[in-house]
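In: just need the structure, nothing else, for what follows:
(chains A, B, C and D)
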Protein chains: 2
Amino acid sequence: MPYDTDIFDTLRYRLMTNGFDHGQKVRAEHLRQEFGCSASTIREVLFRLSTLGLVEFQEQRGFRVPERSREVIHELTHLRVLLEAEGTAMSIRRGGVAWEARLTAAHHQLSHLEMRLNTAADRSPFVDLWFGAEAQFHETLISACGSQTLIDAHFQVYCRFRQQLMVEDRNFDFISNNIKHHQQILDAAMAGDEALTRKKIHDHLARHLLSEAVEEAYPSGSTALTRQEVC
Amino acid sequence: MPYDTDIFDTLRYRLMTNGFDHGQKVRAEHLRQEFGCSASTIREVLFRLSTLGLVEFQEQRGFRVPERSREVIHELTHLRVLLEAEGTAMSIRRGGVAWEARLTAAHHQLSHLEMRLNTAADRSPFVDLWFGAEAQFHETLISACGSQTLIDAHFQVYCRFRQQLMVEDRNFDFISNNIKHHQQILDAAMAGDEALTRKKIHDHLARHLLSEAVEEAYPSGSTALTRQEVC
DNA sequence: TTTAGATGGAATTTCGAGATTTCGTGGTTT
DNA sequence: AAACCACGAAATCTCGAAATTCCATCTAAA
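Out: A predicted model of the protein is given here:
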């Protein structure tokens, strides 16, 4: 039991799974009582969480959970596509067989869970597993890019993206589309087709982009945003 | 007036201008004495600085200044080109006359300083001004992109980029090339040519990329990295 | 000589309290 | 009714010290 890492991880999970309301102030005093530590420790943990963008620090006003908005989701998606497409293209160039093996494994695990999610009557036992597997798959995509800087930047964006979207669409209506998307990304990457992989990554997330901007980047296949969905 | 903001700004400036050695541990106790405050205050400031990547936090091992390396410079440059090219292209699309005016102003100021730097016998009085103007120009390039998320991400990368390169080449041998580069970026942006602007931004920074990777992205004009230079 | 363990000083992390600031409530004035 | 001010409660920020951990050095055993 080294240190306040427990608190950090607990709060990070809670923030990413929307255990706090968007825009709400973080009540340091309540957390202090809950974890049985001093205010300074909580304060420090919150500073560390602000590094990931999961809480926002304001001078003399403490910390608060970022507001949820369509615009922020759009911006995070845009950045995520930019980084993930670039990182995956680099992985294709320099990943080799080892990366392909890891990617296949990650996809297999994700695919399995998505099948279960798609058919199960009660989805709740799979939800957390699916979130983990989905994160693992996208992380693996860029894992062989060779740039820890890019991986870190992507992780920051991914955390905030997840925080923004986790609250929505617990019905997993999108899941059958996602199965196709992930398969197409895998196939394109395995074929070594960088351009196609970039496009499939974009299409996978295009749902969360506001339509106008989609037009600009990919004039052909724009999809209007009628409802926010997870991933 | 917020108290530790002074310390934050002072240390940020010192970190970005290499007032500390790369890879060195940050001596919190020394800083505490220098600023006449408690260890907690210094600790908090360092956490806030780690948000920008200017110091790295390690559990139970305090903070240290990131190591300087050719690989990290390459990665930061790669990310900077990616974000800056994208942000500038978006600014071109949606910036309008107001953005063009601001960009022209920023370039004019920068250009003026670069002329002085290029001819002055003693460059020292212009150095700080030039760093500010250079940052201002590149910040203005992406300022109309409409995505605060992208602007924040770029700022993080820019801080670390500057921290890595500030120590090098105080002779400003690169300055005459830089004058051309900045002019070309301005011209391409004013002409509304997104592709050309992207290329000019890349060329401007290509010097800091390791040659192999430059080949991959821009097979035509690769420039080997023989010596690190600022900006 | 090398390795393992012990030791003491220095750095870190945590704590609880006091100082400062913000925020909400209620009352007064225009 | 709207704007302004006063005041108390609650939150934030800073501090100094205590508790914990790291790190370099020394000693002993193989």
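
In: quick one: A:Ala28 from chain B, how far?
Out: Look at A:Ala28 and chain B: by Cβ to the nearest Cβ, to the nearest Å, they are 13 Å apart. Yep, even glycine has a C-beta here, placed from its N, CA and C like the rest.

In: I figured that residue hits A:Arg61, correct?
Out: No. Counting by Cβ atoms under 8 Å, A:Ala28 stays clear of A:Arg61, with 11.7 Å between them.

In: quick one: which of these two has more around it?
Out: Remark: of A:Ala28 and A:Arg61, A:Ala28 carries more neighbours, 17 against 9, as counted by other Cβ atoms under 10 Å in any protein chain shown.

In: and the residue nearest to the more buried one when sequence neighbours are not counted, what pLDDT?
Out: For A:Ala28, ignoring the flanking residues on the chain, the nearest one in space by Cβ to Cβ, 6 or more residues apart in numbering or on different chains is A:Ile42 at 4.9 Å. Here the pLDDT value assigned to A:Ile42 is 95.

In: now the angle from the helix or strand hosting A:Ile42 to helix B:39-50?
Out: For A:Ile42, the element it lies in under DSSP states H and E is helix A:39-50. Angle, helix A:39-50 to helix B:39-50, by axes from the mean of the first three to the mean of the last three Cα atoms, to 10 degrees: 10 degrees.

In: which elements pack onto helix A:39-50?
Out: The helices and strands touching helix A:39-50, judged by 3 or more Cβ pairs under 8 Å, 6 or more residues apart in numbering or on different chains; DSSP states H and E, are helix A:5-16, helix A:28-35, strand A:56-58, strand A:62-64, helix B:39-50.

In: pull out the buried positions in that helix.
Out: Residues of helix A:39-50 classed as buried: A:Thr41, A:Ile42, A:Arg43, A:Glu44, A:Val45, A:Leu46, A:Phe47, A:Arg48, A:Leu49, A:Ser50 (neighbour count, 16 or more other Cβ atoms under 10 Å in any protein chain shown).

In: count the residues that sit near the closest residue to A:Thr77 other than its chain neighbours.
Out: Nearest-residue entry for A:Thr77: A:His208, 4.2 Å, with adjacent residues in sequence omitted and distances by Cβ to Cβ, 6+ apart. Look at A:His208: counted by other Cβ under 10 Å, it has 25 neighbours.

In: swap in A:Leu54?
Out: The burial count for A:Leu54: 23, using other Cβ under 10 Å.

In: how close does the closest residue in space to it that isn't next to it in sequence get to chain B?
Out: In this structure, A:Leu54 finds its nearest non-sequential neighbour in A:Leu15, 4.3 Å apart by Cβ to Cβ, 6+ apart. As judged by Cβ to the nearest Cβ, A:Leu15 and chain B stand 16 Å apart.

In: give the contact list for A:Leu15.
Out: Counting by Cβ atoms under 8 Å, 6 or more residues apart in numbering or on different chains, A:Leu15 touches A:Leu49, A:Leu54, A:Val55, A:Val65, A:Gln163.

In: return the residues in contact with the third one.
Out: Just to be clear, that refers to A:Val55. A:Leu15, A:Val26, A:Leu46, A:Leu49, A:Phe63, A:Arg64, A:Val65, A:Pro66 are the contacts of A:Val55 under Cβ under 8 Å, 6+ apart.

In: give me that answer again for 6 Å
Out: By Cβ atoms under 6 Å, 6 or more residues apart in numbering or on different chains, the residues touching A:Val55 are A:Val26, A:Leu46, A:Leu49, A:Phe63.

In: report pLDDT for it.
Out: Confidence score, pLDDT, at A:Val55: 97.

In: same deal with the last one?
Out: Confidence per residue is given as pLDDT, and for A:Gln163 that number is 95.

In: what does the fourth one give?
Out: At A:Val65 the predicted local confidence, pLDDT, stands at 96.
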